[in-house]
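Novice: sharing a sequence plus its predicted fold:
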Amino acid sequence: MLKEIRIHGRGGQGSVTAAELLAHAAFIEKKWVQAFPYFGAERRGAPVKAFARISDEPILVHSQVYNPDYVIVLDHLIYKVVDVTEGLKKNGVIILNTTKRPIEVDLEGWRLATVDATGIALELNLLVAGSPIVNTSIVGAFAKATNEVKLTSVLKAIKETWTGGAGEKNARAAELAYERLVKEWDGED
């Protein structure tokens, strides 16, 4: 079954890398994958999008993702300037980087999971040019929120992307986000 993911972030936060890591993790599980960015004339800090697809069969579509099953939001304020719910399927899930619980976020009517990916990045000193990089944390949160990929596959994808201490630190970020994710739908917490 084809699952489509749209990632919203700001230039420099690692949206494209997050899409690639998700695809890599699914590929490890012998699934068919795609990962690609959407670029305009963006600059660091401007809203950007990246996409991923995961399927049990070959993927024949090669367009942007217009009706995602999942939306990942790397910047906790971007949903106030960009409609992150646009086209989201009825039972879709939003994974949001924020310190708030899902019921405290103004995205009513959607299945919402939250994790403080920024706090995890700061805790582990995952910074580039002084800015927290939240992509590896959010991929760990995605694994927990959706069960589309296993955490072990995410960790392997991260360690194959970054070796040594960088790989270990980024893998730890994914683990912490997996543990700390909060989802509040169907009575789950």
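Specialist: Here it is on my side, so go on.
Novice: which parts of the biggest helix by length in the chain count as buried, going by neighbours?
Specialist: Criterion DSSP state H: the longest helix present in the chain is helix 164-180. Along helix 164-180, these residues count as buried under the neighbour rule (16 or more other Cβ atoms under 10 Å): Gly167, Lys169, Asn170, Ala171, Arg172, Ala173, Ala174, Glu175, Leu176, Ala177, Tyr178, Arg180. All C-beta spots, glycine's among them, are computed from the backbone N, C-alpha and C.
Novice: what about the helices in this structure?
Specialist: According to DSSP H, the chain carries its helices in the segments 15-28, 117-123, 135-146, 151-161, 164-180.
Novice: who's in contact with the residue lying closest to Phe142 once chain neighbours are set aside?
Specialist: Closest residue to Phe142 apart from its sequence neighbours, by Cβ to Cβ, 6 or more residues apart in numbering: Ile95 at 5.6 Å. By Cβ atoms under 8 Å, 6 or more residues apart in numbering, Ile95 lies in contact with 70-73, 113-115, 138, 141-142, 145-146, 181.
Novice: Serialize those to a markdown table and add fields for neighbour count, pLDDT and distance to Lys156.
Specialist: Formatted as a markdown table, the contacts of Ile95 follow (neighbours: other Cβ atoms under 10 Å; pLDDT from 0 to 100; distance: Cβ to Cβ, whole Å):
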| residue | neighbour count | pLDDT | distance to Lys156 |
| --- | --- | --- | --- |
| Tyr70 | 25 | 98 | 21 |
| Val71 | 27 | 97 | 25 |
| Ile72 | 32 | 97 | 20 |
| Val73 | 26 | 96 | 25 |
| Ala113 | 22 | 97 | 23 |
| Thr114 | 27 | 97 | 25 |
| Val115 | 28 | 97 | 21 |
| Ile138 | 33 | 97 | 17 |
| Ala141 | 32 | 98 | 17 |
| Phe142 | 31 | 98 | 15 |
| Ala145 | 25 | 97 | 19 |
| Thr146 | 19 | 96 | 18 |
| Leu181 | 21 | 97 | 20 |
